[in-house]
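K.L.:
here is the input, now give the coordinates:
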Amino acid sequence: MRTPVFSKCLLVIAKSARMLARMCVDIGYDVVAIDCYADADTRQMARQFFKVESLDWADVSPALLAVRQSGTVDGILYGSGLEAFPETLQYLQSHSRLFGNSAEVFRKVQDKPYFFRLMAELGVAHPPVSFVASSPGDGWIFKPCRSEGGMGIGRDRAAAGVDGYWQRFIDGQAMSVLFMSSVDRVEVIGFNRQWCAAPSPGGNFLFGGIASHAELPAAVRSQLTDAVNKLSAAYQLRGLNTLDFMVAATGGYVLEINPRISASAQLYGRELLLGHLAAFGGTEVSVTKISGEPVAYQIVYAAKNLEIDADVDWPDWVADRPVAGSIVGVGQPICSIIAGGKDSRQVAEQLLQRQAIVQTLLKLGC
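P.N.:
As a prediction, the model looks like this:
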């Protein structure tokens, strides 16, 4: 393991900060965490932790003040959840060194009309979109402009007061590509297969899980690699980012860019974060050690309201573990499962087995 290139303690902030905390600890950093769950494993890894109601600045600022008064961190690493709170990222950037794309870049990527105009100019294929108030017709889905994890996406109509757009539904496989950007180069880390949580009658687009090292036709890989290079240069992205896309019979169609560390980053080995940190320190970015076998991450959602018992004995492969006494509402995430194997078939089988074990452990039924 190489020596970390910056300060020995970072503040990690996300809706769930467990993954970022794990990545930091794995390369020798101390961590202070701010998130909305304060799960047991996050608490175990962090020097300090702060549970907040949301990532709105009004909720985050007291925690950040406490962190600053302790004088324990010299940089901030952020993950998912800030899409709906760009002002929080702006404040964070003004208070400390940001190891992530700037608030200005983040906000620009969230400007969806500009994003789709840019892709048209660059010749990047994407599903047709419409910014009208009501659905253009059958076969369209509504997507909020600022959301994460598939939240708020639906086939029927937009929720009142939500800023969003309509996108033509593409029947295909949801995928993503994880990549590392620096000043003069982009390195594709890996392609990933994604899936939604258990379907509901109205159609469900909530993020369910992701598996690394996905197989793709060479032509589609080339197409998406070209898209990544064009969009990374246009936005001047840095560090770890992901691009979500659909694969259909006619090729790949770009859906969105996540200009931050995403769930797939935990699937490619312990040293990936070193390259991300280097991207913001003016040193050469080189991802030299990547896990070669497929790994998957899957969220377990509550099929009913439940309280976490104190005697739950979590297996080692369960992450995002709620503390004893936590109340989890129906449809909310309980925990997550991580599984690996020699190939995608083994990984899929292991996920099914581990899902069943967790359901039995929590008396959820199948």
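K.L.:
contacts and neighbour counts: CA atoms only from here.
P.N.:
OK.
K.L.:
distance between stretch 132-150 and the chain's centre?
P.N.:
When C-alpha coordinates are averaged (C-alpha atoms, centre = their mean, to the nearest Å), stretch 132-150 and its chain have centres 20 Å apart.
K.L.:
any buried residues in it, and which?
P.N.:
135, 140-150 (16 or more other C-alpha atoms under 10 Å).
K.L.:
ditto for stretch 257-276
P.N.:
Neighbour-count burial for stretch 257-276 [16+ other C-alpha under 10 Å]: 257-276.
K.L.:
cool, and stretch 34-50?
P.N.:
So for stretch 34-50, counting by 16+ other C-alpha under 10 Å, buried means 34-39, 41-43, 45-46, 48-50.
K.L.:
what's the most distant pair in those residues?
P.N.:
Cys36 and Met45 (15.9 Å; C-alpha to C-alpha).
K.L.:
can you name every helix or strand that the lowest-mean-pLDDT helix or strand in the chain contacts?
P.N.:
For the chain, counting by mean pLDDT, DSSP states H and E, strand 140-144 ranks last in confidence among helices and strands (a mean of 87). For strand 140-144, the elements it packs on are strand 164-168, judged by 3 or more C-alpha pairs under 8 Å, 6 or more residues apart in numbering; DSSP states H and E.
K.L.:
alpha carbons of the least confident helix or strand of the chain, as CSV, please.
P.N.:
The C-alpha coordinates for strand 140-144 follow below in CSV (Å, rounded to 0.1, in the frame of the first residue of the first chain):
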residue,chain,number,x,y,z
TRP,A,140,-41.9,8.7,-21.7
ILE,A,141,-40.7,8.9,-18.1
PHE,A,142,-40.3,11.9,-15.8
LYS,A,143,-36.9,12.6,-14.2
PRO,A,144,-36.1,15.3,-11.6
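K.L.:
per-residue pLDDT, the residue nearest the centre of the chain?
P.N.:
Centroid-nearest residue in the chain: Ser262, 3.0 Å away (criterion: C-alpha atoms, centre = their mean). pLDDT for Ser262: 96.
K.L.:
again, but for Arg68
P.N.:
Arg68 is given a pLDDT of 89.
K.L.:
please identify the helix or strand for it.
P.N.:
In the assignment (DSSP states H and E), Arg68 maps to helix 57-70.
K.L.:
and that helix, what does it pack onto?
P.N.:
Using 3+ C-alpha pairs under 8 Å, 6+ apart as the test, helix 57-70 ends up in contact with strand 30-35, helix 86-95.
K.L.:
in CSV, list these along with distance to Glu104.
P.N.:
Below are the helices and strands packed on helix 57-70 laid out as CSV (distance: least, C-alpha to C-alpha, whole Å):
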stretch, distance to Glu104
strand 30-35, 22
helix 86-95, 8
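K.L.:
okay, the ones you listed in TSV with mean pLDDT and distance to Gln167 next?
P.N.:
Putting the helices and strands packed on helix 57-70 into TSV (pLDDT from 0 to 100; distance: least, C-alpha to C-alpha, whole Å) gives the following:
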stretch	mean pLDDT	distance to Gln167
strand 30-35	97	31
helix 86-95	95	23
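K.L.:
ranking these by burial, who's on top?
P.N.:
Greatest average neighbour count among the helices and strands packed on helix 57-70 goes to strand 30-35 (a mean of 26), per mean count of other C-alpha atoms under 10 Å.
K.L.:
please tell me how far Ala40 sits from Asp56.
P.N.:
Distance of Ala40 to Asp56, computed by C-alpha to C-alpha, to the nearest Å: 23 Å.
K.L.:
next: Val330.
P.N.:
Val330 is 24 Å from Asp56, by C-alpha to C-alpha.
K.L.:
what's the mean pLDDT across stretch 171-187?
P.N.:
Mean predicted lDDT for stretch 171-187 stands at 94.
K.L.:
how about it: buried residues?
P.N.:
Here stretch 171-187 shows 174-183, 186-187 as buried, counting by 16+ other C-alpha under 10 Å.
K.L.:
also stretch 101-114?
P.N.:
101-103, 106-107, 109-110, 112.
K.L.:
where does pLDDT dip in the stretch 101-250 of the chain?
P.N.:
Applying pLDDT under 70 to the stretch 101-250 of the chain flags residues 156-161, 199-203.
K.L.:
so which residues of it form strands?
P.N.:
129-130, 140-144, 164-168, 173-181, 186-196, 207-211, 239-248 (DSSP state E, counting those that start in this stretch).
K.L.:
elements contacting the third one?
P.N.:
In other words, strand 164-168. Secondary elements touching strand 164-168 (3+ C-alpha pairs under 8 Å, 6+ apart): strand 129-130, strand 140-144.
K.L.:
out of these, which gets nearest to Val228?
P.N.:
Per C-alpha to C-alpha, nearest to Val228 of the helices and strands packed on strand 164-168: strand 129-130, 20.0 Å.
K.L.:
how distant is the closest one from the center of its chain?
P.N.:
Distance of strand 129-130 from the chain centroid (C-alpha atoms, centre = their mean) equals 24 Å.
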